[in-house]
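Asker: My questions are about this predicted structure, shown below with the sequence.
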Amino acid sequence: MLRWIMIVTTLAGFGLAFLARTPGLLGLGLVIGFISVFGVVFSIAGERISSNARPDTTMLQPDVIAAIRARAQAQAERQRQPTSGLVDRQN
């Protein structure tokens, strides 16, 4: 909804600048128009980002992340330790 309001404000600002008879009104219309253009661009970008973002409810909790990290570190430690049951024989 905000995007449509900003688009209407952009058109109104540039329309005001086009129909202005004084330099002050022309400047005001241009300022309103350009600020509204930036607002439209940012609202479109924000909507695009939020449509691709993962909701907070699907994100892992910090304690679950710590448990996964600890499990991965333990597995890496087991892989780094040499196996004592194997003997290398050279003939």
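Answerer: Sure, I can see it. Numbering: from 1, shown residues only.
Asker: Only C-alpha atoms from now on, for both contacts and neighbour counts.
Answerer: Fine.
Asker: secondary structure element for the spatially most central residue of the chain?
Answerer: The centre of the chain sits closest to residue 49, judged by Cα atoms, centre = their mean, with a distance of 5.2 Å. Element membership of residue 49 [criterion: DSSP states H and E] is helix 23-52.
Asker: tell me which residues in that helix are buried?
Answerer: Under the neighbour-count criterion of 16 or more other Cα atoms under 10 Å, helix 23-52 has 25-26, 29-33, 36-37, 39-40, 43 buried.
Asker: what about the next helix or strand after it, distance to the chain center?
Answerer: Next helix or strand after helix 23-52 toward the C-terminus (DSSP H and E): helix 62-80. When distances are taken as Cα atoms, centre = their mean, to the nearest Å, helix 62-80 is centred 29 Å away from the chain's centroid.
Asker: Can you tell me which helix or strand of this structure has the lowest average pLDDT?
Answerer: Lowest by mean pLDDT, DSSP states H and E among the helices and strands of the chain is helix 62-80, with a mean of 89.
Asker: pLDDT weak spots in the protein?
Answerer: 57, 82-91 (pLDDT under 70).
Asker: Any idea how far stretch 37-54 is from the middle of the chain?
Answerer: 9 Å.
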